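>>> Predicted model and sequence follow; I will ask about them next.
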Amino acid sequence: MHKMLRDERAWAVALLLLAALIPVVAPMLDSPATVGLATRIVIYAIAASSLNLILGHAGLVSFGHAAYFGLGGYAVGILYAHYSSGEPFLGFIPGSNDLLVTMPVAIIVGGIGAAIIGALSFRTAGVQFIMITLAFAQMLYFLFVSLKAYGGDDGLAIRRVAPVLGMNLRDAATLFWICLGLLAVWLFLMDRIARSRFGRVLAGVRQGERRMAALGVRTYFYKLVAFVIAGMGAAMAGALMVNYLRFVSPDMMAWTKSGEMMIMVILGGLGTLLGPVIGAGVLVTLEYTLSGLTEHWQFIEGPILLLVVLFARGGLMGAVRRLAGRRVPAPEAVPHGELPQAQKPLGEALPEAVRHG
C-alpha cells in the first residue's frame, strides 16, 4: 500500500477515475457548471503536459508554445469555415466539422509548425532560444489577426459540430469524457517517454548538453523530436478547446497564453507526470473563483502563485510527495525520482546504444 502511494502512476489512475465521476456527481450537487470548468482544466492539462516534455524533461524554455495550441484550434476553425461555405481550402482540401477528421489534421499541422520553428530555433541556445520561440509565436499571432477571411482579430465561430461515433459533442458530459480519455492517453505516452531511452537522453540534455554531445549523442535530433511531440500535444489541446468553446481567435496564440502554460508546469512541478495536471487544475480553478469575487482578481492570484513557487520546492507535486514520505528529486535528478542511474557519471548512466548515437 505504501509503495502504491509513492507511485505517481497510481496517483494518475486514481485521479482520472475520480475525475470521470464529475459529470455524474455535479448534477446531484446542483452544479452543472462544474463539468464545463473540469473540461477546461483537462484541456489545459494536456497543453501544460506537452510543454512539460520540453521544459521539465529537456530544460528547453519555449515562450511560444501557445502557437501550436492556436494552430490546432485554427485547423479546426478553418476546416469548419470551408465546410460551411462549401469551398475547398486552397482549392482542393474539403472542409469538415467531424472531430475524427479535424483532430488528426490539427495534430499534424501542430507537428509541422513545431518542426519548422524547432529546426530554426535550435540553431540558438539560452536567451536567444527563448526570444526566437517568442518571436515565431508572435509572427503567427499577427498573421491570423490579419486573416480577415477567418475573422481576423474577432475570431471565428464554430456553429455546428458533427457527432463522433454517435456521441453528441454539444453534451457537456460527453465532451468531458472524450477530453479526459485523451488526457489519459497523453499521460500514458508522456510516462513511457520519460522512462524510455529517449527520456534518458532528454534528461541528459537538461543536465549538460555539452557533455551529451561529447559522448557522441546527436542532441539536436532528440531536442527536435521532443519539440515536435510537444507541439502535436498542444495542437490536440487547441483542437479540443475550440470544440469546447465553439470559437477560435488569435488570442489562443498570444504570448500570455504561453506564460499561463509555463506557470501551470512550474506551479505543479517540473519534470513530473501529474505536476502539469495539478498546476492546470489549481490555476484554472483559482482564476474562475477569484474572477467571480472581484474584477481585480490578478492582484490576489499573483501573490498566491508567488508564495507557492517560493516555498513549495518542486511545486505542488513536490509538496504532495513530501506528504507521502517520498524524497523530492533534486533538479539534476532523472525525472520521476529515478535516482540510481543519475547517481552515476553521466556517461555510465546512459545506455550503451545512446552513448554511441
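Thanks, I have the structure now.
>>> Start and end of stretch 140-151, how far apart?
Terminal residues of stretch 140-151 lie 15 Å apart, using CA to CA, to the nearest Å.
>>> Do you have the strands of the chain handy? List them.
Ranges of strands in the chain, per DSSP state E, are 156-157, 247-248.
>>> Which stretch among those strands is buried most, on average?
Ranked by mean neighbour count, these are led by strand 247-248 with a mean of 22 (mean count of other CB atoms under 10 Å). (Each C-beta comes from the backbone N, C-alpha and C, glycine too.)
>>> And it, how far out from the chain middle?
19 Å (CA atoms, centre = their mean, to the nearest Å).
>>> can you check stretch 47-66 too?
Using CA atoms, centre = their mean, the offset of stretch 47-66 from its chain centre is 8 Å.
>>> Skip the chain neighbours and tell me the closest residue to the residue positioned nearest the centre of the chain.
Geometric centre of the chain, nearest residue: residue 47, 1.9 Å, by CA atoms, centre = their mean. Excluding its sequence neighbours, the residue lying closest to residue 47 (CB to CB, 6 or more residues apart in numbering) is residue 237, at 3.8 Å.
>>> again, but for residue 161
Nearest residue to residue 161, sequence neighbours excluded (CB to CB, 6+ apart): residue 169, at 4.7 Å.
>>> quick one: that neighbour and residue 204, what's the gap?
Separation of residue 169 from residue 204 (CB to CB, to the nearest Å) stands at 42 Å.
>>> Repeat that for residue 139.
Going from residue 139 to residue 204 by CB to CB gives 32 Å.
>>> who has more neighbours, the two?
Taking neighbours as other CB atoms under 10 Å, residue 139 and residue 204 compare with residue 204 leading, 25 against 13.
>>> Excluding chain neighbours, give the residue nearest to that one in space.
Once flanking residues are discounted, residue 204 sits nearest to residue 212: 4.7 Å by CB to CB, 6+ apart.
>>> Let me see the contact set for the one you found.
Counting by CB atoms under 8 Å, 6 or more residues apart in numbering, residue 212 makes contact with 201, 204, 205, 219, 346.
>>> Report how many residues lie close to residue 87.
With other CB under 10 Å as criterion, residue 87 counts 12.
>>> Once you drop chain neighbours, what's closest to it?
For residue 87, ignoring the flanking residues on the chain, the nearest one in space by CB to CB, 6+ apart is residue 95 at 7.7 Å.
>>> For that neighbour, which phi and psi angles does the backbone take?
Torsion angles at residue 95 (phi, psi; degrees, to the nearest 10) stand at phi -80, psi 170.
>>> surely it meets residue 77?
No. Using CB atoms under 8 Å as the test, residue 95 is too far from residue 77 to be in contact (10.5 Å).
>>> Pick out whichever of those two has more residues nearby.
Just comparing residue 95 and residue 77: by other CB under 10 Å the higher neighbour count belongs to residue 77, 28 against 18.
>>> Can you give me the pLDDT of the more buried one?
What the model reports as pLDDT for residue 77 is 92.
>>> for residue 100, same thing?
If you check residue 100, the pLDDT there is 89.
>>> ok, it to residue 162 distance?
Separation of residue 100 from residue 162 (CB to CB): 8 Å.
>>> now swap in residue 229 and tell me
Going from residue 229 to residue 162 by CB to CB gives 28 Å.
>>> quick one: which of these two has more around it?
The residue with more neighbours, out of residue 229 and residue 162, is residue 229; 19 against 15, by other CB under 10 Å.
>>> Isn't that one up against residue 193?
Yes. At 7.5 Å, residue 229 and residue 193 qualify as touching, with contact defined as CB under 8 Å.
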